[in-house]
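>>> quick check, what structure comes out for this input:
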Amino acid sequence: MNTTLQTLLSHRSIRKFSERKISDEIIEQLVNSARFASCSNHLQCISIIRVTDPELREALKVCASNQEYVKTAAEFWVFCIDFNKHKQICPDAQLDYSEVLLIGAVDAGIMAQNTLVAAESLGLGGVYIGSLRNEIEKVGELLALPKHTVPLFGLCLGYPDQDPPLKPRLPQDLMFFENKYRPLDASKLADYNAQVADYYQVRSQMDMDWSRSVEKTLAKPVRPHVLGYLQKQGFAKK
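Have a look, this model is predicted:
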């Protein structure tokens, strides 16, 4: 197995970091890894905000459910959909279509994953912070984001100070199909739930499996305030 595959298949979210700083040389390498990610129609509609101000970090930590590593990680970057520059280039740009928002979300994910894989290949670790969207409008204000931009998620980066186990992923039979969609196999799902339950017991003595985790997340409104903010920023009106 080559080193790229080893890096990809060894991914774990890191939430505890050492105090070691990341060198300017590595920061540049990570930014370039992000810059050269695939993007739709060469639109390059993602901007990254590197947050170095301690007070701003603290404010963003509060927005992100007070997750301490937002403040303590060596680096904290916020990935933003950014069509503001495009609107300046093309005042007639029709940015209010849902497809435009999808383009931005997809490209942000690709860019961020490039960044994290590059970071992990250099001995760093990281964790994505989607909980910024709990207070998405406040985050936009803190980062002085103009219209036609959206803060999607953060990324903590640093040198790991923990060695968590790998979290079990869905088996291929439940997510990789040929030619047509395959209905959920209850038996295979039960086996996977058992694996995840064992993982949570080892990691945190938590009584949880994958199905219950899904229910915990989705059996209630999921950030219903986000749509209003997206529309305020000029997106998802059509």
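
>>> hang on, isn't Asp185 packed against Gln172?
No: checked against Cβ atoms under 8 Å, the pair Asp185 and Gln172 is beyond contact range at 11.7 Å. Using the backbone N, CA and C atoms, a C-beta is placed for each residue, glycine as well.

>>> compare these two (neighbour count), which wins?
Each of Asp185 and Gln172 has its neighbours counted (other Cβ atoms under 10 Å); Asp185 has more, 13 against 8.

>>> pLDDT of whatever helix or strand Glu28 lives in, averaged?
If you go by DSSP states H and E, Glu28 is part of helix 24-35. Taken as a whole, helix 24-35 has a mean pLDDT of 98.

>>> same deal with stretch 121-135?
98.

>>> tell me which residues are up against it.
3-4, 7, 12-15, 17, 22, 26, 29, 60, 62-65, 67, 69-70, 73, 76, 78, 112, 116, 119-120, 139, 151-160, 223, 226 (Cβ atoms under 8 Å, 6 or more residues apart in numbering).

>>> generate a ChimeraX selection restricted to the buried subset of those.
To isolate in ChimeraX the members of the contacts of stretch 121-135 that are buried, counting by 16 or more other Cβ atoms under 10 Å, one can use:
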select :7,12,14,15,17,22,26,29,60,62,63,64,67,69,70,73,76,78,112,116,119,120,139,151,152,153,154,155,156,157,158,159,160
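
>>> in strands, which of the contacts of stretch 121-135 appear?
Residues from the contacts of stretch 121-135 lying in strands, with DSSP state E as the criterion: 76, 78, 151-158.

>>> will you turn these into JSON lines that also has distance to Pro164?
Rendered in JSON lines, the data for the ones in strands among the contacts of stretch 121-135 read as follows (distance: Cβ to Cβ, whole Å):
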{"residue": "Phe76", "distance to Pro164": "20"}
{"residue": "Val78", "distance to Pro164": "24"}
{"residue": "Pro151", "distance to Pro164": "27"}
{"residue": "Leu152", "distance to Pro164": "25"}
{"residue": "Phe153", "distance to Pro164": "20"}
{"residue": "Gly154", "distance to Pro164": "19"}
{"residue": "Leu155", "distance to Pro164": "17"}
{"residue": "Cys156", "distance to Pro164": "14"}
{"residue": "Leu157", "distance to Pro164": "16"}
{"residue": "Gly158", "distance to Pro164": "14"}
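
>>> just the closest of those residues to Tyr200, please.
Minimum distance to Tyr200 across the ones in strands among the contacts of stretch 121-135 is 21.8 Å, recorded for Cys156 (Cβ to Cβ).

>>> distance of the closest residue to the closest one other than its chain neighbours from Pro221?
Once its chain neighbours are removed from consideration, Cys156 has its nearest residue in Ala73; the separation is 3.7 Å (Cβ to Cβ, 6 or more residues apart in numbering). Applying Cβ to Cβ, to the nearest Å, one obtains 30 Å for the distance of Ala73 from Pro221.
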